[in-house]
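> here are the coordinates; sequence isn't available:
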């Protein structure tokens, strides 16, 4: 078990080193998120919809789509020069490849969120201070679900034609419960309701994470041709 | 060559392949391949494109499961999971490197996958392929030949017992080719078993103790030295691939 | 066109259902003639979900046994299932507009679940079309088939939560718990006919897949 974690950590570090070196995917995802915030604001009539009502939906929608940008590169880096063979021919377990990739994706998405959420607060004039902690918890849970499903599907999509189109097609139906739960919970928090009211949605997120982290981790070895 | 059943008597560095087959859907890529090699021996594997040589190597590397037959490495039945894969080094015409990282980072990563943390082994592997002075250069800035050298260093860093080299000379310049040949010779002297797939009869035979020809998934010839001089073998090869099944 | 006895039986059953629905089933009191589309809508939904359930089961068993016949069955069930799902999604709004006053109801758990079923089916079929290697295609589809089955309950739960926490003015209950005998019989007939139709479609679709795969694996038949 600790070997799996050690190998996963090695892979995660390697992925993050590569991303840190090139930074293209990260900057693309961040820019995309920020642009999204802007577009959504101007797409609505501000007299009809207050920014604070718009904010939760906007946040989690752009979080989903910018997440997809990061997920695409996850296995893309292994496809070039068949680096994936180097991983598969080594003694590490298949599970650790999935875990390592998922971990790197989690850090990636977390980093995008850390920029997007404050940006949202600034652009939409939201009082995030009092709800910062619960909001971070929701963001974390949502990111886990997104990464579990997204990592698995990006492993599959990279071996298909039109990988960039196929990944959203596969992943978005699965992202819907995450976005719904995260947005509804965020909305409760922002309107000053007690955290407990968002409780049902948070429990849904937790259940989703539990089911899909396990299911996707178990499914990954089946996607490796052998 | 007897096949031992007792796990208590591991064969030192011995590869035994018996009736090995691999199908993809309904298509047999490898069929009924049998041979064995001792430690220190080198097999040069020739054959036309599509003969199944790469598939055979991928099965021996643990990347593919056999559909039929068996292959044993030091008594471990392939694919033997981690214990088998830790004994194998795979070189292919794809470099399996990460472009954005440096030569050292790539080899160190490969070492880490084998749980080798000693940086001196990484240095030694790079040095052996004369890449130590370019160790910090990102792969994408290196020429194809140098990338191939780093790829070879990556495959050797864990001192494998079995080296599988799929057209390793591809892209190597003269000095790179010489470095590879001398490396493979050293490995053989140290008891490592080597299988080299190549289209270049001369290069393959220079290293080999055995030579084989694959055609349409089967081994149509398997020869030992001393019958392996280039002139006679060219003839043998031509006849082997020309014969109609 | 020559039809197998199965296909003939299925078509006769469907025809009989349509006739019974149109002429021999009484009108529902409050909903009138529009309610009759329900005899198509509900059985189609039953088949849509049955088909996907079978895709999921076949996928799971395929990953265990690796028998290509299971993959072929899953592929067939998915193609047939998507057709029935489309029927559900078309008949639903046709019924909903006169009865509920709106084409689409975001609070109707079953309708939204069916929509997501449709998304999963389409993703499944697109995935199959995008993978060249047959063995990889089978595995990937199987993984999606199983994960899709896990998704549907979550969609169900999400929409239910959404509805209970956002009470809507119209909560129309589609089917009554107790129906007069004639209507029940029509429903039973419709269920039976559609299930028979499903089986007939699967059989012929599976046969097509078998022949196609047999041809694909005979290199001598390629130009």
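Yes, it's here. Only a predicted model underlies this, so the values are computations on that prediction, with no experimental measurement involved. Numbering: from 1, shown residues only, chains lettered A, B, ... in the order given.

> alpha carbons only for contacts and neighbour counts from here, please
OK.

> Return the residues in contact with the closest residue in space to residue B:224 that isn't next to it in sequence.
Closest residue to residue B:224 apart from its sequence neighbours, by CA to CA, 6 or more residues apart in numbering or on different chains: residue B:210 at 4.4 Å. By CA atoms under 8 Å, 6 or more residues apart in numbering or on different chains, the contact list for residue B:210 reads B:41, B:42, B:43, B:44, B:222, B:223, B:224, B:225, B:228.

> got it, and residue A:101?
So residue A:101 contacts A:8, A:11, A:12, A:15, A:74, A:75, A:151 (CA under 8 Å, 6+ apart).

> Please apply the same query to residue A:212.
So residue A:212 contacts A:145, A:148, A:149 (CA under 8 Å, 6+ apart).

> unless I'm mixing things up, the first one is touching residue A:211, no?
No. At 9.2 Å, residue A:145 and residue A:211 do not qualify as touching, with contact defined as CA atoms under 8 Å.

> Look at the two and report which has more neighbours.
It is residue A:145, of residue A:145 and residue A:211, that has more neighbours when counted by other CA atoms under 10 Å in any protein chain shown, with 25 against 16.

> centre of the chain versus the helix or strand encompassing that one, how much separation?
Residue A:145 belongs to helix A:132-157 when assigned by DSSP states H and E. Here helix A:132-157 shows a centroid-to-chain-centroid distance of 4 Å under the convention CA atoms, centre = their mean, to the nearest Å.

> before we move on, what about stretch B:224-242?
21 Å.

> buried sites along that stretch?
B:228, B:233, B:237, B:240, B:241 (16 or more other CA atoms under 10 Å in any protein chain shown).

> Now intersect those with the helices, please.
The helices, defined by DSSP state H, take in B:233, B:237, B:240, B:241 from the buried residues of stretch B:224-242.

> So which of those residues is the closest to residue A:120?
Nearest to residue A:120, judged by CA to CA, of these is residue B:241 at 68.1 Å.

> how close does the closest one sit to residue B:46?
10 Å (CA to CA, to the nearest Å).

> Over to residue A:213?
Counting by CA to CA, the separation of residue A:213 from residue B:46 is 46 Å.

> more crowded one of those two?
Higher neighbour count among residue A:213 and residue B:46: residue B:46, with 24 against 21, using other CA under 10 Å.

> in terms of contact, does the more buried one touch residue B:217 like I think?
No. Here residue B:46 lies out of contact with residue B:217, judged by CA under 8 Å, at a distance of 11.8 Å.

> what residues are shared contacts of the two?
residue B:53.

> just to revisit the earlier point, as JSON lines, the contacts of residue B:210 with secondary structure, pLDDT and distance to residue C:32 would be great.
Formatted as JSON lines, these follow (DSSP: H, G, I helix; E, B strand; the rest coil; pLDDT from 0 to 100; distance: CA to CA, whole Å):
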{"residue": "B:41", "secondary structure": "coil", "pLDDT": "90", "distance to residue C:32": "86"}
{"residue": "B:42", "secondary structure": "strand", "pLDDT": "91", "distance to residue C:32": "85"}
{"residue": "B:43", "secondary structure": "strand", "pLDDT": "93", "distance to residue C:32": "83"}
{"residue": "B:44", "secondary structure": "strand", "pLDDT": "92", "distance to residue C:32": "82"}
{"residue": "B:222", "secondary structure": "strand", "pLDDT": "85", "distance to residue C:32": "83"}
{"residue": "B:223", "secondary structure": "strand", "pLDDT": "83", "distance to residue C:32": "87"}
{"residue": "B:224", "secondary structure": "strand", "pLDDT": "83", "distance to residue C:32": "89"}
{"residue": "B:225", "secondary structure": "coil", "pLDDT": "70", "distance to residue C:32": "92"}
{"residue": "B:228", "secondary structure": "coil", "pLDDT": "67", "distance to residue C:32": "91"}
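
> Show me what from chain B comes close to chain C.
Within chain B, the positions near chain C by CA under 8 Å from any CA of the partner chain are B:24, B:25, B:26, B:27.

> now do 6 Å
Contact residues, chain B versus chain C (CA under 6 Å from any CA of the partner chain): residue B:26.

> For chain B, just list every one of the helices.
Counting by DSSP H, the helices of chain B are B:53-60, B:81-85, B:103-113, B:119-128, B:144-156, B:174-189, B:201-207, B:230-242.

> so which of these comes closest to chain A?
For chain A, the closest of those is helix B:81-85, at 4.0 Å, according to CA to the nearest CA.

> Please list the outside residues in contact with that closest one.
Here helix B:81-85 makes contact (CA atoms under 6 Å, 6 or more residues apart in numbering or on different chains) with A:90, A:91.

> Distance from it to the middle of the chain?
16 Å.

> Quick check: of the contacts of residue A:101, which lies closest to chain B?
residue A:11 (8.3 Å).

> Tell me the confidence at the residue lying farthest from the centre of chain A?
Centroid-distance maximum for chain A: residue A:47 at 32.1 Å, with CA atoms, centre = their mean. With respect to pLDDT, residue A:47 scores 82.

> same deal with residue A:82?
So residue A:82 comes in at 90 (pLDDT).

> before we move on, what about the one 3 residues further on?
With respect to pLDDT, residue A:85 scores 93.

> swap in residue C:159?
So residue C:159 comes in at 91 (pLDDT).

> Not counting sequence-adjacent ones, nearest residue to it?
residue C:109 (5.7 Å).

> Could you report the distance from the one you found to residue A:209?
In this view, residue C:109 and residue A:209 are 22 Å apart by CA to CA.

> Which positions in chain C make contact with chain B?
Counting by CA under 6 Å from any CA, chain C comes close to chain B at residue C:217.

> Counting neighbours, what do you get for residue C:188?
When neighbours are counted by other CA under 10 Å, residue C:188 comes out with 15.

> follow-up on the earlier one: in a helix, the residue farthest from the centre of chain A, correct?
No. The assignment for residue A:47 (DSSP: H, G, I helix; E, B strand; the rest coil) gives coil, which keeps it out of a helix.

> And the spatially most central residue of chain C, its phi and psi?
A centroid search over chain C (CA atoms, centre = their mean) returns residue C:48, at 1.4 Å, as the residue closest to the centre. The phi/psi pair for residue C:48 (degrees, to the nearest 10) reads phi -60, psi -50.

> State whether it and residue C:81 are indeed in contact, as I suppose.
Yes. Between residue C:48 and residue C:81 a contact is recorded at 4.9 Å, counting by CA atoms under 6 Å.

> For stretch B:172-182, list every residue counted as buried.
Result for stretch B:172-182 [16+ other CA under 10 Å]: buried residues B:172, B:176, B:177, B:179, B:180, B:181.
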